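Trainee: what follows is a protein structure lacking sequence information:
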């Protein structure tokens, strides 16, 4: 009976939390009609995004940060255009810093939501498969390093990595630290490549260096993760 009551209470808490989340999302759309369509457009259109952010004047940096957090929390929208815009509008040092911290905050929010709502369902599925149990145990032992090096790979699907982390055995602290460290080089490269790609004529040689570095990081990251899984 105690176990049943515990499960029942857990279900109620999650149901209330889910309803609150849905209500919040709906409320945003009511207060700002077309909000989600606008976000999707801005996240996939560099020129429109730059024009939109510049319209906020001194508040552009805060708006860009919040927008970047939202896009990364959603998980399926690309944030590369926001990273590029940040580098072009605020300069490389500030552009990299804003993008790095915002992306880390966004994927952390996404991780917490996914783990809170879906970890139990994933755990039940894992318990039915010996192979999945092995992978879950491995993620608990090597999850930090796996996530760190995976996040270091630029242009890797963010939502996929967040989902893997959410259903893995790694702790919240490990996830946050791995993302905070791993996202810095990948985000920096995305900002640098985007910035120099727009300014291709002036920065073509430097752009070639960044692309080479990104490819090298991808190769090293894949090698390290395979080594950790052995």
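Mentor: Great, that's in hand. Computed from a prediction, not measured in an experiment: that's the story for all the values here. Numbering: from 1, shown residues only.
Trainee: what is the burial count for residue 155?
Mentor: Neighbour count of residue 155, defined by other Cβ atoms under 10 Å: 13. The way it works is simple: take the backbone N, C-alpha and C, and place the C-beta from them, glycine included.
Trainee: same check, this time on residue 55
Mentor: 10.
Trainee: for residue 89, see how far away it is.
Mentor: Distance from residue 55 to residue 89, counting by Cβ to Cβ, to the nearest Å: 11 Å.
Trainee: what's the answer for residue 175, then?
Mentor: 30 Å.
Trainee: what's the pLDDT at the residue nearest the centre of the chain?
Mentor: When Cα atoms, centre = their mean is applied to the chain, the residue found nearest the centroid is residue 107 (3.6 Å). Note for residue 107: predicted pLDDT of 91.
Trainee: tell me which element it falls in.
Mentor: If you go by DSSP states H and E, residue 107 is part of helix 92-127.
Trainee: in contact with residue 68, which residues?
Mentor: 79, 82, 83, 86, 98, 99, 102, 103, 106 (Cβ atoms under 8 Å, 6 or more residues apart in numbering).
Trainee: touching, residue 161 and residue 146? I think so.
Mentor: No. Using Cβ atoms under 8 Å, residue 161 makes no contact with residue 146, being 9.4 Å away.
Trainee: can you name the element that comes right after the helix or strand hosting residue 165?
Mentor: Element membership for residue 165 (DSSP H and E) is helix 158-167. Counting by DSSP H and E, the next helix or strand C-terminal to helix 158-167 is helix 172-198.
Trainee: tilt between that following helix and helix 92-127?
Mentor: 130 degrees (axes from the mean of the first three to the mean of the last three Cα atoms, to 10 degrees).
Trainee: got the buried residues for helix 172-198?
Mentor: Neighbour-count burial for helix 172-198, counted by 16 or more other Cβ atoms under 10 Å, picks out 174-176, 178-196, 198.
Trainee: and it, what does it pack against?
Mentor: Packing partners of helix 172-198 (3 or more Cβ pairs under 8 Å, 6 or more residues apart in numbering; DSSP states H and E): helix 80-90, helix 92-127, helix 130-151, helix 200-229.
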